[in-house]
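# generate coordinates for the sequence data below:
(chains A and B)
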There are 2 protein chains.
Amino acid sequence: MKLAAVGSVAFDAIETPFGKTDKIVGGAGTYISLASSFFVNHQSLISVVGGDFPKPFLELLKSRGIDISGVQVKENEKTFFWSGKYHTDLNSRDTLITELNVLGDFEPMVPDVAQQAEFLMLGNLSPAVQLSVIKQMANRPKLIAMDTMNFWMDIALEDLKETLKHIDVLIINDEEARQLSGIYSLRKAADVIRALGPKILIIKKGEHGALLFHEKNVFYAPALPLEEVFDPTGAGDTFAGGFMGYLAAAPKLDFDTMKRAIIAGSALASFCVEKFGTERLLEITAQDLNERMQAFVTLSTFQLEA
Amino acid sequence: MKLAAVGSVAFDAIETPFGKTDKIVGGAGTYISLASSFFVNHQSLISVVGGDFPKPFLELLKSRGIDISGVQVKENEKTFFWSGKYHTDLNSRDTLITELNVLGDFEPMVPDVAQQAEFLMLGNLSPAVQLSVIKQMANRPKLIAMDTMNFWMDIALEDLKETLKHIDVLIINDEEARQLSGIYSLRKAADVIRALGPKILIIKKGEHGALLFHEKNVFYAPALPLEEVFDPTGAGDTFAGGFMGYLAAAPKLDFDTMKRAIIAGSALASFCVEKFGTERLLEITAQDLNERMQAFVTLSTFQLEA
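Reported below is the predicted structural model:
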């Protein structure tokens, strides 16, 4: 198995300017695995749910080649639940409810089948938990990527810095990059952050695309200007999952391949936001994805010579 | 003469987190003409200054092929003066002083030499004044572009809508596009705005690049992630001037050429912000500009096939 991912599998209740949902399935691990399933047909998801989690959804994950032997089911407890309301511009949101439930004392267990994975994606969890996953791997994976958030910079910065020493790719947004580095210029921030450990940095800028930094190279991936962003939930995790899935399936790991992987992640994220939750990811086909990736080429290609 | 531009020639006093200036030469017309002078060696600037404006600066403009017979000099009055202070993120600023002076009753006069210009750039002025310039042209130019700002949407919306009917290219920022259309999605806003007249729309997004809309085509131009933005003053006007100068010198006016013109404008704007005022624009060479445009290719080029 090439790819393993750890991240929450959860219930979300979402309100956007376009409508609201009851509890639907969400969680970083869910989005990451669904996105990477477009590129790898065998991968491992490491997570935890309660007895209230719908078994058919776990079957659905399995049907997409996602091994769930690493998903602990705590029958007498409840699944992590988050509820949030997005503002009109969809760039900011209020958290209404956070019930950690099974996630409160989550100790990920990397199943045997995943311990040789060459690619490891660490979804947003406490940095100590992320590190515990790395330490369970039988061999050091070829590429370890992680997400994190401001919250951990506020309450667990030393843990975060320790975990950063063990990874290859950090995937965060612009605000997080500025907080972590203490520097406003993203170009300078990228140098400061990479000095902490990860040799590759991806800074997500939402509707403004993403920046990839590796050695002296910088790549600016555009974002597709969408008619409407219906629900941004999961877009960042979908991006990360698409990025890692693409790399896990690629013949090599050079900068050109990483650029393509970012376009893959961006394309999947652009689908994700078109409907609530995972709905759109579950209905698109490989051909839809290819066409969307081609739209990114059309959007951003130019030549200086006529 | 292919190109004419109207816009303020002014004094600015600027404070940024990196320092502050006394009164230095600025103004939309200044930046526009300097930027387009990298592509056209004969153009007309239409503006007004007071008796306090330094004659050597006017000579400097002439030395760059900028005809200043359209720059009225009101010897007994004072030049337009603006003073502003940028916030730490450089994306917002406070205006400290605005002294309209000669700009208060500015009635642009298009000199004979400019009346046949095929390209006309209308810098940010009242929409009625912009329209008066169009009406003075002997022939309808092949391409008329204009800038505007929220202020005119607030106090002269009907005038603005009238002027929009007479132009081809509107160049505004994302906030202005949202205000003018009343729509948050830039993709939808672009349709609403183009229904008002301009068949081509450019939405500038500062450090996030720019979007070009024409018919069904959309182009996402990246912005170079800079080590430091020293002074953003004039970046938007430099972008517009570079765009129009490039087009005026180009053999045709198709979408591919417009994409290149946006890269030209973006490259010049990326220089502009590296020092205070016009300083950087005055010291770079054609080779510097070519290299910077090439950097945009490196920054944003990818291929889906290995």
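# quick one: contacts for the closest residue to residue A:117 other than its chain neighbours?
Sequence neighbours aside, residue A:4 is the residue nearest to residue A:117 in space, at 3.9 Å (criterion: Cβ to Cβ, 6 or more residues apart in numbering or on different chains). The way it works is simple: take the backbone N, C-alpha and C, and place the C-beta from them, glycine included. Residues in contact with residue A:4, defined by Cβ atoms under 8 Å, 6 or more residues apart in numbering or on different chains, are A:43, A:44, A:45, A:46, A:70, A:110, A:114, A:117, A:119, A:120, A:121, A:141.
# can you pull the contacts of residue A:65?
If you count contacts by Cβ under 8 Å, 6+ apart, then residue A:65 has A:37, A:40, A:41, A:42, A:43 around it.
# looking at these, which is nearest residue B:134?
For the contacts of residue A:65, the closest approach to residue B:134 (Cβ to Cβ) belongs to residue A:37, at 56.4 Å.
# wait, is the residue nearest to residue A:117 part of a helix?
No: under DSSP: H, G, I helix; E, B strand; the rest coil, residue A:4 falls outside any helix and is assigned strand.
# ok, it to residue A:238 distance?
Residue A:4 is 17 Å from residue A:238, where distance means Cβ to Cβ, to the nearest Å.
# ok, residue A:60 next?
On the measure of Cβ to Cβ, residue A:60 and residue A:238 end up 16 Å apart.
# next: residue A:197.
Counting by Cβ to Cβ, the separation of residue A:197 from residue A:238 is 25 Å.
# and for residue A:213?
Noted for residue A:213: a distance of 21 Å to residue A:238, by Cβ to Cβ.
# show me the helices in the stretch 1-150 of chain A, by range?
Counting by DSSP state H, counting those that start in this stretch, one finds helices in the stretch 1-150 of chain A at the ranges A:28-36, A:55-63, A:127-136, A:150-155.
# columns distance to chain B, mean pLDDT and mean neighbour count on top of these, output as a markdown table?
Supplementary listing: these in a markdown table, determined by distance: least, Cβ to the nearest Cβ, whole Å; pLDDT from 0 to 100; neighbours: other Cβ atoms under 10 Å in any protein chain shown:
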| stretch | distance to chain B | mean pLDDT | mean neighbour count |
| --- | --- | --- | --- |
| helix A:28-36 | 17 | 98 | 31 |
| helix A:55-63 | 28 | 98 | 13 |
| helix A:127-136 | 26 | 98 | 19 |
| helix A:150-155 | 17 | 96 | 14 |
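# need these in JSON lines with distance to residue B:99, can you?
As requested, the helices of the stretch 1-150 of chain A are arranged in JSON lines below (distance: least, Cβ to Cβ, whole Å):
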{"stretch": "helix A:28-36", "distance to residue B:99": "54"}
{"stretch": "helix A:55-63", "distance to residue B:99": "66"}
{"stretch": "helix A:127-136", "distance to residue B:99": "54"}
{"stretch": "helix A:150-155", "distance to residue B:99": "43"}
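# what residues does the stretch 1-150 of chain A put near chain B?
A:88, A:89, A:90 (Cβ under 8 Å from any Cβ of the partner chain).
# pLDDT and neighbour count added to the contacts of residue A:65, as JSON lines?
As requested, the contacts of residue A:65 are exported to JSON lines (pLDDT from 0 to 100; neighbours: other Cβ atoms under 10 Å in any protein chain shown):
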{"residue": "A:37", "pLDDT": "98", "neighbour count": "22"}
{"residue": "A:40", "pLDDT": "98", "neighbour count": "21"}
{"residue": "A:41", "pLDDT": "95", "neighbour count": "11"}
{"residue": "A:42", "pLDDT": "96", "neighbour count": "13"}
{"residue": "A:43", "pLDDT": "98", "neighbour count": "29"}
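# next, give me the two most distant ones among these.
Taking Cβ to Cβ as the measure, these span a maximum distance of 9.5 Å, between A:37 and A:42.
# any idea which element the residue most central in space within chain A lies in?
Nearest to the geometric centre of chain A sits residue A:237, at 2.5 Å (Cα atoms, centre = their mean). Counting by DSSP states H and E, the element that carries residue A:237 is helix A:235-249.
# quick one: that helix to chain centroid distance?
Between the centre of helix A:235-249 and the centre of its chain there are 7 Å (Cα atoms, centre = their mean, to the nearest Å).
# over to stretch A:7-15?
For stretch A:7-15, the distance between its averaged C-alpha position and the chain's averaged C-alpha position is 14 Å (Cα atoms, centre = their mean).
# and it, average pLDDT?
Averaging pLDDT along stretch A:7-15 gives 97.
# just to revisit the earlier point, could you pick out the buried ones from the residues of the stretch 1-150 of chain A next to chain B?
In the residues of the stretch 1-150 of chain A next to chain B, burial by neighbour count holds for residue A:90, counting by 16 or more other Cβ atoms under 10 Å in any protein chain shown.
# any idea which of the residues of the stretch 1-150 of chain A next to chain B is closest to residue B:171?
Taking Cβ to Cβ as the measure, residue A:89 is the one of these closest to residue B:171, at 22.8 Å.
# for the stretch 1-150 of chain A, which residue gets nearest to chain B?
Of all residues in the stretch 1-150 of chain A, residue A:89 sits closest to chain B, at 6.0 Å by Cβ to the nearest Cβ.
# which ones are touching that residue?
Applying Cβ under 8 Å, 6+ apart, we find residue A:89 in contact with residue B:184.
# now residue A:77: how far from residue A:229?
For residue A:77, the distance to residue A:229 (Cβ to Cβ) stands at 34 Å.
# circling back to that earlier point, with respect to residue A:104, which of the helices of the stretch 1-150 of chain A lies nearest?
With distances scored as Cβ to Cβ, the stretch of the helices of the stretch 1-150 of chain A nearest to residue A:104 is helix A:127-136 (11.3 Å).
# all strands of the stretch 101-250 of chain A, in order?
Listed in chain order, the strands of the stretch 101-250 of chain A (DSSP state E, counting those that start in this stretch) span residues A:119-122, A:143-147, A:169-173, A:200-204, A:210-214, A:217-221.
# with distance to residue A:286 and mean pLDDT added, can I get these in TSV?
Conversion of those to TSV gives the following (distance: least, Cβ to Cβ, whole Å; pLDDT from 0 to 100):
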stretch	distance to residue A:286	mean pLDDT
strand A:119-122	20	98
strand A:143-147	23	98
strand A:169-173	24	98
strand A:200-204	24	98
strand A:210-214	22	98
strand A:217-221	21	97
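# any idea which of those strands is most buried?
For those, ranked by mean neighbour count under the definition mean count of other Cβ atoms under 10 Å in any protein chain shown, the leader is strand A:119-122 at a mean of 30.
# what's that strand in contact with?
Strand A:119-122 has contacts (Cβ under 8 Å, 6+ apart) with A:2-7, A:32, A:36, A:130, A:133-134, A:137, A:141-147, A:167, A:240-241, A:244, A:247-248.
# repeat that for stretch A:27-37.
A:3, A:5-10, A:12, A:43, A:45-47, A:61, A:64-66, A:80, A:121, A:123-125, A:147, A:234, A:237-242, A:244-246, A:248, A:265, A:268, A:272, A:278, A:281-282.
# narrow the residues you listed to those that are buried.
Buried residues within those, counting neighbours by 16+ other Cβ under 10 Å: A:3, A:5-10, A:12, A:43, A:45-47, A:61, A:64, A:66, A:80, A:121, A:123-125, A:147, A:234, A:237-242, A:244-246, A:248, A:265, A:268, A:272, A:278, A:281.
# buried residues in stretch A:251-264, which are they?
Neighbour counts over stretch A:251-264 (16+ other Cβ under 10 Å) mark A:253, A:257, A:258, A:259, A:260, A:261, A:262, A:263, A:264 as buried.
# any part of that stretch near chain B?
Yes: shown here: stretch A:251-264 in contact with chain B (Cβ under 8 Å from any Cβ) through A:251, A:256, A:257, A:259, A:260, A:263.
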